[in-house]
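Q: sharing a model prediction with you, sequence too.
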Amino acid sequence: EDALLSPESWLDPSERKAYAEFLLAKDDAVDEAIRKATGTGRPFGSESFIDELEFRLNQSLRPRKAGRPRKVSGECP
C-alpha cells in the first residue's frame, strides 16, 4: 500500500460525489479537443495554462506556421 495512491490522500470525502459526477459527465466538445491535443502532442488547456507551461519549460508549445521557415537575407545556403 502507498499512502500517496490511496483515495483518502488526495480527495476529501465531501468532494467524492462531485468528482464522480464530473467523471461521468459527457462533453463532446471537450472530448474532441482532448483527442486533438493528444493526437498532435500539444497540451490541452486555457491560454493562460499554456502560457504558464511555456514559461516553466522555456519552450514553445503552440503550433507554428506550416512549411519551411523563410530565409533571412544574408544567410549562406
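A: Done, it's in. Numbering: from 1, shown residues only.

Q: where does the prediction get shaky in this protein?
A: Regions of the chain meeting the criterion pLDDT under 70 cover residues 1, 3-4, 7-9, 74-77.

Q: beyond the helix ranked longest in it, next helix or strand please.
A: Longest helix in the chain, counting residues (DSSP state H): helix 28-40. Helices and strands here follow DSSP states H and E; after helix 28-40, the next one along the chain is helix 47-57.

Q: what packs against that next one?
A: In terms of contacts (3 or more Cβ pairs under 8 Å, 6 or more residues apart in numbering; DSSP states H and E), helix 47-57 is packed against no helix or strand at all. All C-beta atoms are positioned from the backbone trio N, CA, C, and that covers glycine.

Q: got the buried residues for it?
A: For helix 47-57, a neighbour-count test (16 or more other Cβ atoms under 10 Å) marks Ile50 as buried.

Q: now do the buried residues in stretch 22-36.
A: Buried residues in stretch 22-36 (16+ other Cβ under 10 Å): none.

Q: hmm, who's touching it?
A: Under the contact criterion Cβ atoms under 8 Å, 6 or more residues apart in numbering, stretch 22-36 has outside partners Phe44.

Q: centre of the chain to the longest helix of the chain, how far?
A: Remark: helix 28-40 is offset 10 Å from the chain centroid, using Cα atoms, centre = their mean, to the nearest Å.

Q: just the CA coordinates of it, formatted as CSV?
A: Below are the C-alpha coordinates for helix 28-40, written out as CSV (Å, rounded to 0.1, in the frame of the first residue of the first chain):
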residue,chain,number,x,y,z
ASP,A,28,-18.4,16.0,-26.7
ALA,A,29,-16.6,19.3,-27.5
VAL,A,30,-14.1,18.9,-24.6
ASP,A,31,-13.6,15.2,-25.5
GLU,A,32,-12.8,16.1,-29.1
ALA,A,33,-10.4,18.9,-28.0
ILE,A,34,-8.6,16.4,-25.7
ARG,A,35,-8.3,13.9,-28.6
LYS,A,36,-7.0,16.6,-30.9
ALA,A,37,-4.4,17.7,-28.4
THR,A,38,-3.4,14.2,-27.6
GLY,A,39,-3.0,13.3,-31.3
THR,A,40,-0.8,16.3,-32.0
